[in-house]
Each structure stands twice: as C-alpha cells, then as structure tokens.
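Novice: A predicted structure for the sequence below; I have some questions about it.
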Amino acid sequence: MRDEAYQRALAAAPGALRPRGRLVQGGLIAAGLAAFVAMCVDLQLAPDALFAGLDKLAKFAEGAFPPSDGGDLLRIVKALAETFAMAFAGTVLAALAALPLGVLGAKTVVGQPVLHFAFRRALDWFRGVPALVWALILVSAFGLGPFGGVIALALADIPSLAKLFSEAIENGDDRPIDGVRSAGVSPLMELRYGLAPQVTPVMASQCLFFLESNFRNAAVLGIVGAGGIGFELEERIRIFAFDEVVFIVGLYMLCVAALDTVSQRLRASLA
Amino acid sequence: MSSAVESFETLRRRTLRRQRLRALAGLLIFSAILLVSFQRSQFFSSDIGGDPLGRVADFLARMIPDLKADALTADSRTKGSLAWWFYDLPVWLKLGWQTVEMAIVATVLGAIGGLVAAFLCARNLMPFPAVRFVVRRTLEAIRTLPDLILALILVAAFGVGPLAGVITLAISTLGSLGKLFSEINEEVDPHQLEAMAAAGVGPLSRIRYGVIPQVLPNYASYVLIRLEGNLAGAAALGIVGAGGIGLELQRAITYTEFDTYLAILLLIVCMIFVIDLSSEAIRHRLIGLDGAK
C-alpha cells in the first residue's frame, strides 16, 4: 500500500523524491566528514590538549576577577587615545590617497577596458595584504612606535577604499552632470556641482565605516610593536596579569561600542 | 510682490548662513581631531631616523631578491636562482596547507556554533526573549574583540600551535555568522511554518523542513565568504604563534631575511587568491548566478 503510493508519487514528480540523489548526497556528506576529521587529526587537535588548555583558561579567569587598572589608569587611557589617533590618521591618509586612485579606477573616467581591468586586478592583489603584514614591514623599517601603524592602516585601506570610491563614481547619475554642463560651466565646476554632491555622502559614509574597522585593527597592530592599546595588552598577557587584561579589554570594548554608535549616527545623517 | 522676493531672499540668506556655519563647525571639529590624532600618533614628531622615504625605498630594495637571469632555473644552492629564493618551499607549502586546514576546520566549527546561536536568537523562532537577549549580547561582545587579542590569550592557555588558532577563528566566526544567520532566519517566509504548525509538526521538525530549505543557499554563501576571511586571518594568527604560515613570516622578519618575507607573502597572496576564486565560483553556482555571468 505504502509502496504503491510511493511509486505513484515518484511517477508524478520524479525530482521531488530522487532516491539516487539522496545516495550521492549521503556519500558527499560522508566524504566531507572524513575530510574534516582528517584535517583535525593533521592539525593535532587532540581532546586532551583541549581540556588541558581549558583548565588553564579557567585558572586565568579565576585570576582575572576582580578586574583592576593596575594603578595606572591614565596610561591605559592614553594608550586607548593613541589607538584611536592611529585609526583616525590612518583613515584620513587612506582616503586622501584613495581619492585619485578611485577616480582612475572608475569605468566612466578611464574607459579603456584593458587599463580598467589591469588597474582593478592590481588593487585586488594589494587588498590581499592585511594591515598586520604591512605593520610588520613598516615597524622593522621605521622602528617601534605608532608611526608605522598609521602608515600600515593607510596602506591596507587604500585598495579597498579606492575600489569603493570608483564604484561610487561609476554609480553616479549622468543627468545632474549633463544639467550642469548645459549651463555652460567649466569641467571642474561640472565635477563640483554635478558629481561631487552625489558621491561625497557615499564616500564619507564609507570612510566612517573604515574608521570603525581601523579602530579594531589598530588595537591589534600594537602586538607587532606599533604602539597603542595592543602593546599594553600584549605586555600584560605575557606576564599573566589577567585582571588588568580584562579591565583593558572591557574598556576597549566600551570605546568600540561608543565609536560605532557615533559613526552609525553620522552615517545615518549622511544617507 | 517685492515683499515676497524679500522674504525669499532673507530665507535663502538664513539657510545659506546656517549651512555654512554647520559646514564650518564640522570642518573645525574634523581638523581638531585630525590635529590631535597626528600629534598623538607622533606622526610628524616621531624619530624615524631621517629620510623616511629613502628608508622605505631601501627596505623595498632589500625585499627584492637578488635573482640572476642565467641561473634562474638552477637548484637551490646556486645564488640567484628561483629555487634559492624559495629555499624552504616544501616547509612553506606544508605550513600553508596547515593554514588552509585551520581556516576550513575553524569555519566549519564556527558555522555549526553560529547555526545554533542563530536559532536561539531569531525573533520568529525563539519564543523566550531572555534567551534571545543573552545570545545577542554575547555575539556582539565576541564581534568587538579583535581576533589577535583573543589569539594571544588562547596561545597563553593552549600553547603554541594550531589548536589556539582554530579555537580563535571558530569563536570569531561564531560571532559574525551567528548574527548573519539570525538575520536570514528572521526573513524566512512564515507561511510554511504556519502550515506545519497547523499540521501538528514539532518545533525541531519545523526548523528542519520549514526553515532549512529556505535558508541553506544563503547560509552556504555566507560561510564561503567567511572562509575567505578566515584564510587571511589564519595566515595572520601565526604571527602570535597560533600555527600556520604566519610563523614563518614572523621568523623571516626577525632574522631580517626580507627577500624571504616577500617570497612567503607572495605565497600567501596566491593562496588567498585561489581560495577566493574557487569560493566565488561555488557561491555563484549556489545563488544561481551561473547564467547571468
């Protein structure tokens, strides 16, 4: 009875039941599971190492409460300010450099397809290099300190921002530009009154977005010696002073949340 | 007539003045922050040893390997050959593969965690607001914490090696995918769920047959995007000792082998490029962009 109903259903809609597809699916899942387990074994992800680590982590957590500022709150606040300063300076520098690159990368400005393609692919390649890698290079070139961090953040952002800027320019509406041109103004004025009002809000909101992400990245750069809060954190993790680590991380997360809120407000008012 | 013109003119002047004042205030605040930022980050005052551009140029020059055209294909003992430049290629490839494995394992674990978290905090599937609140806040906290700082702490606990890196990436993946998944879940078409509820289907089966088929393609696409990000993340995590190719990168810098640094960097970029391309292909197939391209 059941079998008959099954056969009828299969005849009516062979795609819905697909007994063979199920087999293939099961095989794929089994193969995926096997590959996953093999990778875990290759990475030596053993349960006993996991439990030993969790044990240690529990000890860290025990030592972390109550959180303390280590008696030098001013230093921590200064380091946080330095981290924000790095992020802000890096974002501004990146935006300044990305603007001409973005114009060059826009299909509407450089129409030649080969040039356009080559330029975009070059940006793609540079986008693969994260800020941390730049920071490693620059810290060894300029020595310890936030200077290398600022440049590293800027260099990491330039390709992404340039790509976003050129997309903003490409998406600009032609009609306002035509309208301004029909009034007989110079090409520069065409850009100023035709294109700029369309693209500046978009670009500004993208810059704010990058400022947020740079604030997170800047905290990390300190680990390779580029100053800021990451440097303070690394120092304290190395000496297992987890009560101070928790304090700094908590303060930092509050700052991130505050910056995100402010930047979200600004972006909302731009849009 | 003239009064209308007059009132228009005053209104216009006032609006213009207000706009200019606002722009001026914005500019002033912006430049103040910028000034303080440059000052605090010691951008102009730091002692970087004079002639900074020259030093970067010098550094870049040292990164370019000393290749010789006539010895390019010789073995690794000949100075100036490609094999000499990439002298430790087998080890690098092994570590690179380890990085890929770390990224894949961490993405899978994080995606499973994110899946559970997403169902716990989706407004239309989780009836208890308290659970939703706690899960949401936890995910937010995870997203704020930078990976590398988490990795530093976990390396201190789990020791140097890929385990700490995998856990770090899995946790951060959980944070971001949990949020994205729950957003997808909330956009699920409710009609099918209602029909199932009317037929007396239990909550877990409702999720299995009502939600999963709708959301799976979107999930997969997000997971693949995250996989790309995790690969770059895994490469960077090695720098703090969490396994993978980053360790070699750090070593090359410490021993000032800048040409080796460039070699490993090229390898990483190639790796990321290959994964990007393949995951893009899979994603386009999943969301049915095949014909469109």
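Specialist: Ah, there it is.
Novice: so where's chain B shaky on pLDDT?
Specialist: Within chain B, the stretches with pLDDT under 70 are B:1, B:45-53, B:69-80, B:287-293.
Novice: Can I get stretch B:224-244 as CSV, trimmed to CA atoms?
Specialist: Below are the C-alpha coordinates for stretch B:224-244, written out as CSV (Å, rounded to 0.1, in the frame of the first residue of the first chain):
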residue,chain,number,x,y,z
LEU,B,224,32.1,30.6,2.0
ILE,B,225,32.7,34.4,2.3
ARG,B,226,33.7,33.8,5.9
LEU,B,227,36.1,31.0,4.8
GLU,B,228,37.9,33.5,2.6
GLY,B,229,38.3,35.9,5.5
ASN,B,230,39.4,33.1,7.8
LEU,B,231,42.2,32.1,5.5
ALA,B,232,43.7,35.6,5.7
GLY,B,233,43.0,35.6,9.4
ALA,B,234,44.7,32.2,9.9
ALA,B,235,47.8,33.5,8.0
ALA,B,236,48.0,36.5,10.3
LEU,B,237,47.4,34.5,13.5
GLY,B,238,50.6,32.6,13.0
ILE,B,239,52.4,35.8,13.9
VAL,B,240,51.4,35.4,17.5
GLY,B,241,52.2,31.7,17.5
ALA,B,242,48.9,30.2,16.7
GLY,B,243,50.2,27.9,13.9
GLY,B,244,50.4,28.1,10.2
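Novice: What parts of the stretch 51-200 of chain B come near chain A?
Specialist: Contacts of the stretch 51-200 of chain B with chain A, taken as CB under 8 Å from any CB of the partner chain, map to B:52, B:55-56, B:59, B:63, B:98, B:101-102, B:104-105, B:108, B:141, B:144-149, B:152-154, B:156-159, B:161-164, B:166. C-beta coordinates here come from the backbone N, C-alpha and C atoms, glycine included.
Novice: Inside helices: which ones of the residues you listed?
Specialist: Among those, the members falling in helices (DSSP state H) are B:52, B:55-56, B:59, B:63, B:98, B:101-102, B:104-105, B:108, B:141, B:144, B:147-149, B:152-154, B:156-158, B:162-164, B:166.
Novice: List only those of those residues flagged as buried.
Specialist: B:55, B:63, B:98, B:101-102, B:104-105, B:108, B:144, B:147-149, B:152-154, B:156-158, B:162-164, B:166 (16 or more other CB atoms under 10 Å in any protein chain shown).
Novice: Tell me how far A:T108 lies from chain B.
Specialist: 22 Å (CB to the nearest CB, to the nearest Å).
Novice: actually A:L43, not the one I wrote
Specialist: Distance of A:L43 to chain B, computed by CB to the nearest CB: 4 Å.
Novice: Now do the contacts for A:L50.
Specialist: Counting by CB atoms under 8 Å, 6 or more residues apart in numbering or on different chains, A:L50 touches B:158, B:163.
Novice: Work out which residue lies at the spatial centre of chain B.
Specialist: Geometric centre of chain B, nearest residue: B:G229, 4.2 Å, by CA atoms, centre = their mean.
Novice: list the helices and strands whatever helix or strand that one lives in packs on?
Specialist: In this structure, B:G229 sits in helix B:212-237 according to DSSP states H and E. Packing partners of helix B:212-237 (3 or more CB pairs under 8 Å, 6 or more residues apart in numbering or on different chains; DSSP states H and E): helix B:89-121, helix B:147-158, helix B:162-186, helix B:246-254, helix B:258-286.
Novice: Give me every residue in the stretch 101-250 of chain A lying close to chain B.
Specialist: Counting by CB under 8 Å from any CB, the stretch 101-250 of chain A sits next to chain B at A:125, A:128-130, A:132-133, A:136-137, A:140-143, A:145-147, A:149-150, A:216-217, A:219-220, A:223-224, A:227, A:230, A:233-234, A:237-238, A:240, A:245, A:249.
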